[in-house]
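J.: sharing a model that was predicted from the sequence below.
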Amino acid sequence: MKRSVRKWELIGIVVISLLGSALHFAFEWSGGWEPIGIIAAVNESVFEHLKLTYWSTLVYAAITYGFLKKSSNNFIIAKTASLYVMPVAIIILFYSYTAITGTENLIVDIVIFVVAIALGQLTSYKILTTSQLSRSLHWLALAFLIILAAIYGVFTYYPPHVPLFLDPVSGTYGISWHSL
């Protein structure tokens, strides 16, 4: 049981990283099609990069559910926990290294993205291989999963004007409506 789950979660690190990388460019590739902004990065803000882990992990979870449902426990809880671990890891690691170095580095940013995904997948693995948790926790996890999707959707179009949402390249927040 654990071996099969471990295999899928390790494969997930690669798949989620690749899907997330593709979503980084999807908005641009679409010619700025506004609806795709819900799942794709619409600018270079830290927040927009957090969405990349969410949607790519959700797609991978949907693909693997059929393979893991009989050999694991707590699927919704595990995936929800991983989807909260990933952005927290990105935020902590990104702001820590940029505070120390005073600059951003694309290679370090990519490594942080992959490390965050790996931490999320490790969290998921631990929860998938633990004993069955209560049914109420499954419903709570589903609610938190939906809340996170709503946050990513709403804040893409109506972002707060705080540094997390600021595109350092354009100096704008969210979708630059005037440039579409």
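T.: Structure's in. What do you need?

J.: make it CA atoms for all contacts and neighbour counts henceforth
T.: Fine.

J.: ok, so what distance separates the most centrally placed residue in the chain from Thr130?
T.: Nearest residue to the geometric centre of the chain (CA atoms, centre = their mean): Thr53, 2.0 Å. For Thr53, the distance to Thr130 (CA to CA, to the nearest Å) stands at 24 Å.

J.: same deal with Ile110?
T.: Between Ile110 and Thr130 the computed distance is 31 Å (CA to CA).

J.: so Trp55 belongs to a strand, correct?
T.: No: Trp55: not assigned to a strand; according to DSSP: H, G, I helix; E, B strand; the rest coil it is helix.

J.: ok, it touching Gly37?
T.: No: taking CA atoms under 8 Å as the definition, Trp55 is not a contact partner of Gly37, at 11.5 Å.

J.: so, low pLDDT: which residues of this protein?
T.: For the chain, applying pLDDT under 70 flags the ranges 1, 176-180.

J.: mind listing the helices for it?
T.: For the chain, the helices defined by DSSP state H cover 2-29, 46-68, 75-101, 106-128, 135-157.

J.: burial of the nearest residue to Asp109 once chain neighbours are set aside, as a residue count?
T.: Closest residue in space to Asp109, ignoring its immediate chain neighbours: Phe94 at 7.0 Å, by CA to CA, 6 or more residues apart in numbering. Neighbours of Phe94 under the rule other CA atoms under 10 Å: 18.

J.: Phe94 and Asn73, how far apart?
T.: Per CA to CA, Phe94 is found 32 Å from Asn73.

J.: now swap in Ser56 and tell me
T.: Going from Ser56 to Asn73 by CA to CA gives 21 Å.

J.: and those two? which has more neighbours close in?
T.: Set Ser56 next to Asn73 and count neighbours by other CA under 10 Å: Ser56 wins out with 23 against 19.

J.: wait, what's in contact with that one?
T.: 16-17, 19-20, 23 (CA atoms under 8 Å, 6 or more residues apart in numbering).

J.: how about a cut-off of 7 Å?
T.: Neighbouring residues of Ser56 by CA atoms under 7 Å, 6 or more residues apart in numbering: 16, 19-20.
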